[in-house]
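**Student:** Generate coordinates for the sequence data below:
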Amino acid sequence: MSRIKKLLRMGYSARNRVQLVKGGRDYFLLLKKLINKATHSIHLQFYIFLDDETGKEIIEALKSAARRGVAVHLQLDAYASQGLHQKSVQELRNNGVSVKWFEPLFKSKHFYFGRRLHHKVVVVDGLFSLVGGINICDRYNDMPSQPAWLDMAVYCEGEAAYTTYHICRKMWGEKKTLASVSWKDADAFCETIPVGEQIEVRVRRNDWVTRKIDIWRSYLEMFNKSEKQIIIMCSYFLPGLLYRRKLSQAIKKGVKVKVILAGISDIMIAKHAERYLYDWILKNNIELYEYQETVLHAKVATYDNIWTTVGSYNINNISAYASLELNMEIRNNSFALHTEKVLEDIINTSCKKITWENYSSSTHFFRRIWQRLSYGFINSVLKLFTFYFKQE
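**Tutor:** The predicted structure is shown next:
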């Protein structure tokens, strides 16, 4: 069995350094730094990539990397990134950047319109990776007149990045690419990470069509194993019946659950659908907070100061059954404590607590009807675009 298959099967790998990265300026500075230092290859997978001011900066960095001999592979969702102009795509290709579309709308093998590449993944030289919920466009960056949407990513170097690199290569699907980073070289790099800095990380994916439900299972595991506290930050929180039952069971055994959701949403019908569940959330004594400063787009969860997940996966049936998702999961006390502090600081400085009193006073009969209709509409759309999916 190859080393990469062993890494995937063993789950957590130990020889990794990780860092929680906030979206906005911090993320894009780190992304450009990684692109500029690349010597062998760059793999990028994004749901949204636009050629606005932020996108143009990344495009220029990618073109420069390709011109100095780095193999650059950019895979984009064909629906969400259709705003990337053909001129920019051609510029990239003319400068040596390989661009590939995931599930082109009228050229897809199965025409699975609802199956989208929702990854936000970057891997440089097979050893340095960024995984999170951040797309490439101005709204995810701190601009002069507009702060970035709230989002998170994990920077990882080591074995988990190497695993992610091979996932990207396999998804690219073309055999005639630049020779891969060898395990010998990766192993030598991983050996330079001091034992005291090593952190356990595993790469998890969700793609119902190819029978991958890793992240879905990880959340279920969190609900079942937690003993003290769960904190969830999610941009589109619509848990299904099983998740709701497991959360209720966790609370009954004494687990304290906090959920941070968007107060300002980019998809208002999804927000109305989400608010339909506020009644259930509050009845189950879940502490509920709405982020007030900008749009919340992060997908982060942590529990019991031992485990954290960060990536593209939202707690809803779209992530569970339609989209391709990728998360990094970190099993480490210090990292979990740091993540918890970041989330608690956001709660204390930038959130409004939703209580029975302020929820009831702002939700009249007709608004409740609209929320119920929105919830039904979201579920109906999911069924419409996924009912014909077949597992491979």
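**Student:** now the helices: where do they sit in this protein?
**Tutor:** For the chain, the helices defined by DSSP state H occupy 3-10, 25-37, 53-67, 86-94, 159-172, 183-190, 214-225, 241-252, 268-276, 278-283, 317-321, 333-350, 356-362, 365-386.
**Student:** now these in JSON lines, with mean neighbour count and mean pLDDT?
**Tutor:** The C-beta positions use only the backbone N, C-alpha and C, and glycine is treated the same way. JSON lines is the format used below for the helices of the chain (neighbours: other C-beta atoms under 10 Å; pLDDT from 0 to 100):
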{"stretch": "helix 3-10", "mean neighbour count": "14", "mean pLDDT": "59"}
{"stretch": "helix 25-37", "mean neighbour count": "16", "mean pLDDT": "98"}
{"stretch": "helix 53-67", "mean neighbour count": "18", "mean pLDDT": "98"}
{"stretch": "helix 86-94", "mean neighbour count": "14", "mean pLDDT": "98"}
{"stretch": "helix 159-172", "mean neighbour count": "23", "mean pLDDT": "96"}
{"stretch": "helix 183-190", "mean neighbour count": "16", "mean pLDDT": "96"}
{"stretch": "helix 214-225", "mean neighbour count": "18", "mean pLDDT": "98"}
{"stretch": "helix 241-252", "mean neighbour count": "16", "mean pLDDT": "98"}
{"stretch": "helix 268-276", "mean neighbour count": "20", "mean pLDDT": "96"}
{"stretch": "helix 278-283", "mean neighbour count": "16", "mean pLDDT": "96"}
{"stretch": "helix 317-321", "mean neighbour count": "22", "mean pLDDT": "96"}
{"stretch": "helix 333-350", "mean neighbour count": "16", "mean pLDDT": "98"}
{"stretch": "helix 356-362", "mean neighbour count": "11", "mean pLDDT": "87"}
{"stretch": "helix 365-386", "mean neighbour count": "14", "mean pLDDT": "93"}
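**Student:** Dump these into TSV; add distance to residue 308 as well.
**Tutor:** Shown next, in TSV, are the helices of the chain (distance: least, C-beta to C-beta, whole Å):
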stretch	distance to residue 308
helix 3-10	19
helix 25-37	17
helix 53-67	27
helix 86-94	34
helix 159-172	13
helix 183-190	21
helix 214-225	10
helix 241-252	17
helix 268-276	23
helix 278-283	22
helix 317-321	18
helix 333-350	5
helix 356-362	29
helix 365-386	28
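**Student:** between those, which one is nearest to residue 208?
**Tutor:** Among those, the nearest to residue 208 by C-beta to C-beta is helix 317-321 (4.7 Å).
**Student:** starting at the chain centroid, how far to stretch 290-298?
**Tutor:** How far stretch 290-298 lies from its chain's middle: 16 Å, per C-alpha atoms, centre = their mean, to the nearest Å.
**Student:** Run through who's touching that stretch.
**Tutor:** The contact list for stretch 290-298 (C-beta atoms under 8 Å, 6 or more residues apart in numbering) reads 23, 132-134, 139-140, 147-152, 233-235, 260-266, 346, 350-352, 354.
**Student:** Next: stretch 350-368.
**Tutor:** If you take C-beta under 8 Å, 6+ apart as the criterion, stretch 350-368 is touched by 260, 263, 275-276, 278-279, 282, 287-293, 371.
**Student:** what's the span of it from first residue to last?
**Tutor:** Counting by C-alpha to C-alpha, to the nearest Å, you get 26 Å between the two ends of stretch 350-368.
**Student:** returning to what we had before: just the buried ones from the contacts of stretch 290-298, in ChimeraX syntax?
**Tutor:** Here is the ChimeraX command that selects only those of these that count as buried (16 or more other C-beta atoms under 10 Å):
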select :23,132,133,134,139,140,148,149,150,151,152,233,234,235,260,261,262,263,265,346,350,351,354
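**Student:** Mind checking which of the contacts of stretch 290-298 are in strands?
**Tutor:** Within these, residues falling in strands by DSSP state E are 132, 152, 233, 260, 261, 262, 263, 264, 351, 352, 354.
**Student:** can the residues you listed go into TSV with extra columns for pLDDT and distance to residue 391?
**Tutor:** Formatted as TSV, the ones in strands among the contacts of stretch 290-298 follow (pLDDT from 0 to 100; distance: C-beta to C-beta, whole Å):
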residue	pLDDT	distance to residue 391
132	98	28
152	98	31
233	98	30
260	98	33
261	98	31
262	98	32
263	97	37
264	95	37
351	98	39
352	97	42
354	97	38
